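Novice: Sequence and predicted structure below; questions after.
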Amino acid sequence: MVIHLISGPRNISTALMYSFAQRGDMKVMDEPFYAFYLILTGLEHPGKDEILKTLEPDPKKVFTQIKSLEQKHGNVFIKNMGHHLQGFDYSSIVLFQNVFLIRDPGQMLLSYAKVREQPTLNDIGLKQQAELFAWLQAEGQQPIVLDGNELRKNPSVILEKLCEQLGLPFTKAMLSWPAGPRAEDGCWAPYWYTQVHQSTNFMPPEPDTTSLPNYLLHTYEEALPYYTTLKNYALKA
């Protein structure tokens, strides 16, 4: 089975990857389409040169890698970004167990802007997530939706519900992990994973966003309808 997490950035997706990595029956992959995304968009991201040197840039070959891991390990957890799925034929994800991870766009934008200034709607992936969700529904699939804040409110309840829907036994090992970098980390970890490397479990959610800098308001207002649509499907704690 391939569990395909379709997330946005700054949304505990790495923590969830670490959670699944604690299972003895799971192999994890960190953002395998990142190199192709950077080539396609021409964007400058921290660590771009190393990403392009170390990650496979051909999406077809990435799908072959995923299939090989599934054959070898049985279960594979892929941490992916919604906006990385563009510019190539990604239709084979319909064969995966697709899980969408969302976060309040105000919280996401505040966190993202600490690493890359002036984030746009395309940077945070909510629009692409909503479009992918609708496409998968049209293909006859009902993907699972997780809200990061709900997961952080009660990790054991949400993870147990998630595992049940995936047909996996829940294990308490998923609730914690060792602090520090991990072998599964992408080479971009030094720029993005500082906070999660200090964690050993899912931390309680932050307070609701009450105010944003003016330069983030337009993107927030663009993103909010997509978040609201997906949140209607999210598992509740």
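Specialist: Received, thanks.
Novice: Helices of the protein, residue ranges please.
Specialist: 13-21, 34-41, 48-54, 59-73, 105-112, 121-124, 126-138, 148-153, 155-166, 189-192, 194-197, 214-231 (DSSP state H).
Novice: Deepest-packed of these, please.
Specialist: helix 13-21 (a mean of 24; mean count of other CB atoms under 10 Å). Glycine gets a C-beta too; all of them are placed from N, C-alpha and C.
Novice: and it with helix 155-166, angle?
Specialist: 70 degrees (axes from the mean of the first three to the mean of the last three CA atoms, to 10 degrees).
Novice: Return helix 13-21 as PDB; C-alpha atoms alone will do.
Specialist: The C-alpha trace of helix 13-21 is given here as PDB (Å, rounded to 0.1, in the frame of the first residue of the first chain):
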ATOM      1  CA  SER A  13       3.700  17.100   7.500                       C
ATOM      2  CA  THR A  14       7.200  16.300   8.600                       C
ATOM      3  CA  ALA A  15       6.000  15.400  12.100                       C
ATOM      4  CA  LEU A  16       3.400  13.100  10.500                       C
ATOM      5  CA  MET A  17       6.100  11.500   8.400                       C
ATOM      6  CA  TYR A  18       8.200  10.900  11.500                       C
ATOM      7  CA  SER A  19       5.100   9.400  13.100                       C
ATOM      8  CA  PHE A  20       4.700   6.900  10.400                       C
ATOM      9  CA  ALA A  21       8.400   6.200  10.300                       C
END
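Novice: And that helix, what does it pack against?
Specialist: Helices and strands touching helix 13-21, by 3 or more CB pairs under 8 Å, 6 or more residues apart in numbering; DSSP states H and E, are strand 2-7, strand 27-30, strand 76-81, helix 194-197.
Novice: pLDDT of the first one, averaged?
Specialist: Meaning strand 2-7. Averaged across strand 2-7, the pLDDT comes to 97.
Novice: Adjacent strands (with direction) for that strand?
Specialist: strand 76-81 (parallel), strand 97-102 (parallel) (DSSP bridges).
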